[in-house]
Each structure stands twice: as structure tokens, then as C-alpha cells.
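got a predicted model here, sequence first, then my questions.
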Amino acid sequence: MQLSIILTSKYRLLSLAAIVDVFETANRFLKDDGKPALFQITLVGAKEMQSLPDNISHIPYRPFTEGELYDLIFIPAFGPVDLAQTVAENSCFIPWLHEQYKNGATLASYCTGAFLLAASGLLNNRRATTHVDAADKLAASFPQIKLQQEAVVTQDANIYTSGGATSGFHLKLALIQKYCGRELAVRIAKVFSIDMDRENQAYFGHFSPIEAHDDELVMRVQHKIKNEFPEIKSIEEAIADIPASRRNLVRRFKQATGITPIRYLQKTKIEAAKKLLENTEKGLFEIMLSAGYNDMKNFRQLFKQNTGMTPKAYRNKFAMRFEPII
């Protein structure tokens, strides 16, 4: 099986190295069992020659212009960059991805690599996911996608996507199971200490609102929510003194931040509750009030909608339990 990894501009080295490591390990296990190695790994880039990090310098490299056909193509994650600009820089790969897919290749994006797949149009009307913190931007930039923000891995018409960071290991496990069987996938999971039962990535999310824009009215609403969210019970309270119609402001707010004002307020409140659950021993009732809610049933419901788990389960997973180092 010809497996290629695209060396995009500004790729994240960690995701690239992880793909190589996992599939080289799968080859080694197959050989240990007396079987031939299955995955022939090639790095594919836009340049005729490309310098490679030492830990992957042994992998063959080819420019995509050589016209080789591949069975499985990985798009690694991008680093912490301007995604729109970075996708534009990598647009040369888009016709190649279409041609490879047309000829039967399976495509797989790792984390924010989904943005390049989305820009190609190959994800239109198909299920997809990405890093949970980039999901709103993906949805706003490419509304034709059937975004599954909480999904760890998606598969639709021979195109796979994965969530952030370690979710990429679940993508690789899914593909190893597909091509090599469940037994080898479990073996790989144990070697890399991967919990195979993860079905939701929502609880890894961190709300980092977009404030790098020039819309002063939207910024006023953002600042009011940031400073007064415990007292704000509805979005009408947040926009009451803004000189713009609700419809116009909602449109501008979504254009500037990627989400609606209501969702922005909700995310701000839930993020505050998450931090209290992580870093304090306050009771759930006190946390609910601090986040700006006064109905426990509603608070639990909204918390689970946003994180995929109950407040108690979230605290059990993320509350700090390590002894301080003296």
C-alpha cells in the first residue's frame, strides 16, 4: 500500500512524526509475525528538493508533480498559524488531491489539516471534524461541511478527518484496523498508550474568543460579556445599549467572531465553570451561580452540550490531583 504524507507549508512536525512512527511500528509488527510490511511511506511536497528533520530523513521524498498514484494520503496538522493564509499557500496541492481521490486514494486529514481538505471542496456535504478549538472557524469558513465538532474521527466516502492532537492516533488506529485487522490495531494502541474508547473530544475544548477584528460595536459586546457575564441573563441585556438592530448586530458579530452572540455568551459562561471545576473545590451550586446560571437542570444540560460530559465527570477528569513539587 502506497502511503504518502503531504509536506505542506507550515505543517506541524509532531503530527508528521506521529504518522510515520505509528505506521512504521505497524510494519515492524507485521514483519515480526512473518508477514510482509504493508505500508510503503513516501513524503510528498511542492518542491523538487526539501530538507527533512533527522528523525524522518530516511523516508523517501517526491514532489507531487511527478504524478505518482497513492492509496492513502495524509494531510498533517498545521501549526499555530493564520489558517486562511496557510491554506492559500498550500493551494497548489488541491488539484493533486482531486486527482488522487478520483483515482481511488483514501484521504485522511489530521487535526487542522482538515482546512486544506475543506478548501478543496472534497468535504462539501460530508461529515468532518477538526481540532475542537478550530471547529467554529472551520464551520464559518466552509459552511457546506457537515461539521461534527465533538467527533474524534469521521469517515465519509473514503475521506477521513480527525480531531486535535491525540485524536489523530484514533484516526491512525481506524485505518490500521481497516487494512490490517482489529488485533494489530489493539496492539498498536497498547504500545502508544491510546485509550480506544474515546468517542468525544468536546471536553478538550478551550474557548479563546476572536478579538483581532475592527468592528467596534462587536468589540463593545464582547467586552461587556467578558466583564459582566455572571449578571447577563440574556443576549438582549448584552446588546441593549448598542446602537444597531439586533439582526444587523448578530450578522456583524458572527462575521467578526465566527459564532452568534448567544453562543458566545454561553461559551463564556461554560468556560468560567470549567475553570472553577478544574482549579477549585467549590461546590457545584456555587459554581453554577458564579458562571451566571440559576437553574441547576439547565446548567447541567448546557454544560453537557458544550463539553460532552456532566460537571461532575469533567471535574473527575481534569481536577488537579498531583502533589505540589517542593
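Sure thing, it's come through. Numbers count the residues shown, from 1 in each chain.

quick one, what contacts Asn90?
When contacts are counted by Cβ atoms under 8 Å, 6 or more residues apart in numbering, Asn90 is found next to 8-9, 46, 116. Yep, even glycine has a C-beta here, placed from its N, CA and C like the rest.

so can I have CSV of those showing distance to Gln40 and neighbour count?
Converted to CSV, the contacts of Asn90 look like this (distance: Cβ to Cβ, whole Å; neighbours: other Cβ atoms under 10 Å):
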residue, distance to Gln40, neighbour count
Thr8, 21, 23
Ser9, 25, 16
Ala46, 21, 17
Leu116, 23, 25
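
take those residues and write them to a markdown table, including pLDDT and secondary structure.
Shown next, in a markdown table, are these (pLDDT from 0 to 100; DSSP: H, G, I helix; E, B strand; the rest coil):
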| residue | pLDDT | secondary structure |
| --- | --- | --- |
| Thr8 | 95 | coil |
| Ser9 | 93 | coil |
| Ala46 | 94 | coil |
| Leu116 | 98 | helix |
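
Throw those residues into a markdown table and include distance to Val221, thanks.
A markdown table is the format used below for those (distance: Cβ to Cβ, whole Å):
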| residue | distance to Val221 |
| --- | --- |
| Thr8 | 36 |
| Ser9 | 35 |
| Ala46 | 42 |
| Leu116 | 33 |
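
and the furthest pair within the residues you listed?
Of all pairs drawn from the contacts of Asn90, the one with the largest separation by Cβ to Cβ is Ala46 and Leu116; the distance is 12.3 Å.

what is in contact with these two at once?
When contacts are counted by Cβ under 8 Å, 6+ apart, Ala46 and Leu116 are jointly contacted by 90, 93.

can you map out the strands along the stretch 151-300 of the chain?
153-156, 159-162 (DSSP state E, counting those that start in this stretch).

looking at these, which is closest to Asn316?
Using Cβ to Cβ as the criterion, the shortest distance between Asn316 and those is 24.4 Å, found for strand 153-156.

kindly export that closest one (C-alpha atoms) in PDB.
Taking only C-alpha atoms (Å, rounded to 0.1, in the frame of the first residue of the first chain), the coordinates of strand 153-156 have been written out as PDB:
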ATOM      1  CA  VAL A 153     -12.800  10.600  13.900                       C
ATOM      2  CA  THR A 154     -15.100  10.900  10.900                       C
ATOM      3  CA  GLN A 155     -15.300   8.800   7.800                       C
ATOM      4  CA  ASP A 156     -17.400   9.700   4.700                       C
END
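
quick check: mean pLDDT of it?
Model confidence over strand 153-156 averages 96 on the pLDDT scale.

which helices and strands does that strand pack with?
strand 127-128, strand 159-162, helix 167-180 (3 or more Cβ pairs under 8 Å, 6 or more residues apart in numbering; DSSP states H and E).

try it again with 6 Å
In terms of contacts (3 or more Cβ pairs under 6 Å, 6 or more residues apart in numbering; DSSP states H and E), strand 153-156 is packed against strand 127-128, helix 167-180.

what comes up buried for the longest one?
It stands for helix 167-180. Neighbour-count burial for helix 167-180, counted by 16 or more other Cβ atoms under 10 Å, picks out 167-177, 179-180.

distance to His213 and pLDDT added to those residues, as JSON lines?
Putting the buried residues of helix 167-180 into JSON lines (distance: Cβ to Cβ, whole Å; pLDDT from 0 to 100) gives the following:
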{"residue": "Ser167", "distance to His213": "29", "pLDDT": "93"}
{"residue": "Gly168", "distance to His213": "30", "pLDDT": "94"}
{"residue": "Phe169", "distance to His213": "35", "pLDDT": "96"}
{"residue": "His170", "distance to His213": "34", "pLDDT": "96"}
{"residue": "Leu171", "distance to His213": "33", "pLDDT": "97"}
{"residue": "Lys172", "distance to His213": "37", "pLDDT": "97"}
{"residue": "Leu173", "distance to His213": "39", "pLDDT": "96"}
{"residue": "Ala174", "distance to His213": "37", "pLDDT": "96"}
{"residue": "Leu175", "distance to His213": "39", "pLDDT": "97"}
{"residue": "Ile176", "distance to His213": "42", "pLDDT": "97"}
{"residue": "Gln177", "distance to His213": "43", "pLDDT": "96"}
{"residue": "Tyr179", "distance to His213": "45", "pLDDT": "97"}
{"residue": "Cys180", "distance to His213": "47", "pLDDT": "97"}
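
the residue positioned nearest the centre of the chain and Ala118, how far apart?
For the chain, His131 is the residue whose C-alpha lies nearest the centre (Cα atoms, centre = their mean; 1.1 Å). Note on His131: its distance to Ala118, by Cβ to Cβ, to the nearest Å, is 13 Å.

do Ala108 as well
On the measure of Cβ to Cβ, Ala108 and Ala118 end up 14 Å apart.

just the buried residues of helix 167-180 now: which is nearest Ala202?
Checking the buried residues of helix 167-180 against Ala202 by Cβ to Cβ gives Ser167 as the nearest, at 11.3 Å.
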